[in-house]
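> What shape does this take:
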Amino acid sequence: MPAGLPLTLPTAYTAAVGRYNTASLEFEQRKDEYNALAAFIRSSPSLLSQTDINQEKQSFERPYQIPVIKRVAINLVDGRICDLDGQEASTDMVVITFTTKGFRVKVPTEMLDQNYVRYVDLLSDLMYHAWHAWYAFMEINCVNYLEANKSTSLVAEPNFFTQDSAAYVGVIGMDFYSAYRYVTGRNLLSANGKLLDVMSGASMVTRYRMGANGANNAVNQAMFVGGADPYPSNFLTPDSGYQETHYLFPVGAVGIYHWLTPNARNRKVQVAGQDFWWSEKDPMFGYFNASVHYQSKCQEKTIGTGGATEPVYYDIYEYTIDPSLQKSYTSVVGESPIIKYNLAPAVI
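Numbering: from 1, shown residues only. Now for the predicted structure:
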């Protein structure tokens, strides 16, 4: 190269820009499965009708109520009499309440015009992480709901489990899986249908070992793990001193529901092209209907010629969901279709 010749021309690229392959971005976008939430969604249609809620819950002012008949303990008689009397039933009204939880994301429109990152990519990434923050919040709420609403009046079953803090206590493995359906049925009296098992995540290790018939499993234990559908959750931490925690309940015992705000339902437009509403389904389960509120806002930024201010526009999206966690009605304090099990390591 002749002396004095610059290494680059003034028109040279300032940087060599590449792109990650799609697979290389999966770690940054890692997510959980949210199986406690999935169990509530699975159970929901057998408890309440989401369609009825959509049709009946039309305003904030109008509460959503369900009339119920309390269980009657009938006294049997030993004979017949002339002057008849009888036992009466009493009723109750259950009020379904909803809370609000959501997120807001903001995208600078003009500032992305000369950017390697495109608008749709930035918005998609924001929405991905925002939705999964919401899913994680709801997963924790589902686990906490099971704990807060578990049965506190368990039937004693000393042959298989002891009891502690409103939970059956046993050991992991076949002792638990061979007995829980019988014990759960004694409490529910309706456990002949499908049971769901929201369990601490590591509980699946026991199921895998029991289902693997081989040299280390001379007795095939696979048949024992089919009594309930597993929903392992990494958000469910076993109680102190135990290796596994399980919440078992029949389909229809719990549910999660939502309602759509009037603005989103009516696709309210305040200023055309600037401030309007619509609804969208959640991207993972396709179950929750989110109220979406969009605004376009202006903010002054020092990006103009010679450091002058220039209006920069932002697209702001607000997604909110109004969920309600529910369980089967009971007129007796302490009774619940949710049965908790704490399991310690098996003694070798």
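> pLDDT wise, what is the residue nearest the centre of the chain at?
For the chain, L37 is the residue whose C-alpha lies nearest the centre (C-alpha atoms, centre = their mean; 2.5 Å). Looking at L37, its pLDDT stands at 97.
> Please apply the same query to M111.
65.
> for H129, helix, strand, or coil?
helix (DSSP: H, G, I helix; E, B strand; the rest coil).
> Check the burial of it by counting its neighbours.
The tally of other residues near H129 (other C-beta atoms under 10 Å) stands at 15. (Each C-beta comes from the backbone N, C-alpha and C, glycine too.)
> For E310, see how far away it is.
From H129 across to E310, the span is 29 Å (C-beta to C-beta, to the nearest Å).
> and what of D85?
Counting by C-beta to C-beta - D85 and E310 are separated by 86 Å.
> So these two - more neighbours on which side?
Ranked by neighbour count (other C-beta under 10 Å), D85 and E310 place E310 first, with 11 against 6.
> my guess is the more buried one contacts K301, does it?
Yes - the pair E310 / K301 is scored as a contact, 6.0 Å apart, by C-beta atoms under 8 Å.
> Direction included, what does the helix or strand of the chain with the lowest mean pLDDT pair against?
Using mean pLDDT, DSSP states H and E, the weakest-scoring helix or strand in the chain turns out to be strand 269-271, at a mean of 77. Next to strand 269-271 in the sheet, as set by DSSP bridges, lie strand 275-281 (antiparallel).
> Send me the helix or strand just after the partner strand as PDB with only the CA atoms.
Note on strand 275-281: by DSSP states H and E, the next helix or strand toward the C-terminus is strand 289-302. Output of strand 289-302 as PDB, limited to C-alpha atoms (Å, rounded to 0.1, in the frame of the first residue of the first chain):
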ATOM      1  CA  ASN A 289     -59.300 -12.200  26.500                       C
ATOM      2  CA  ALA A 290     -57.200  -9.100  27.000                       C
ATOM      3  CA  SER A 291     -58.500  -5.500  26.900                       C
ATOM      4  CA  VAL A 292     -56.000  -3.600  24.700                       C
ATOM      5  CA  HIS A 293     -55.700   0.200  24.900                       C
ATOM      6  CA  TYR A 294     -53.500   2.000  22.300                       C
ATOM      7  CA  GLN A 295     -52.200   5.500  22.300                       C
ATOM      8  CA  SER A 296     -49.900   7.400  20.100                       C
ATOM      9  CA  LYS A 297     -47.900  10.100  22.000                       C
ATOM     10  CA  CYS A 298     -45.500  12.800  21.100                       C
ATOM     11  CA  GLN A 299     -42.300  13.600  23.000                       C
ATOM     12  CA  GLU A 300     -39.600  16.200  22.200                       C
ATOM     13  CA  LYS A 301     -36.100  14.800  21.700                       C
ATOM     14  CA  THR A 302     -32.800  16.400  20.900                       C
END
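> Strand 275-281 and strand 289-302, what's the angle between them?
Strand 289-302 runs at 140 degrees relative to strand 275-281, counting by axes from the mean of the first three to the mean of the last three C-alpha atoms, to 10 degrees.
> Correct me if wrong, but P230 is in a strand.
Yes - P230 forms part of a strand when assessed by three-state DSSP.
> my read: it touches R207, true?
Yes - P230 is within contact range of R207, at 6.3 Å (criterion: C-beta under 8 Å).
> When those two are compared, which one has more neighbours?
R207 (20 against 16).
> Which parts of the stretch 51-200 of the chain are strands?
Taking DSSP state E, counting those that start in this stretch, the strands of the stretch 51-200 of the chain run over residues 64-69, 91-96, 101-108, 162-163, 168-171, 195-200.
> what about this structure, any weak spots by pLDDT?
Across the chain, the ranges flagged by pLDDT under 70 are 1-30, 111-112, 114, 116, 189-192, 213-223, 226, 272-273, 303-305, 347-348.
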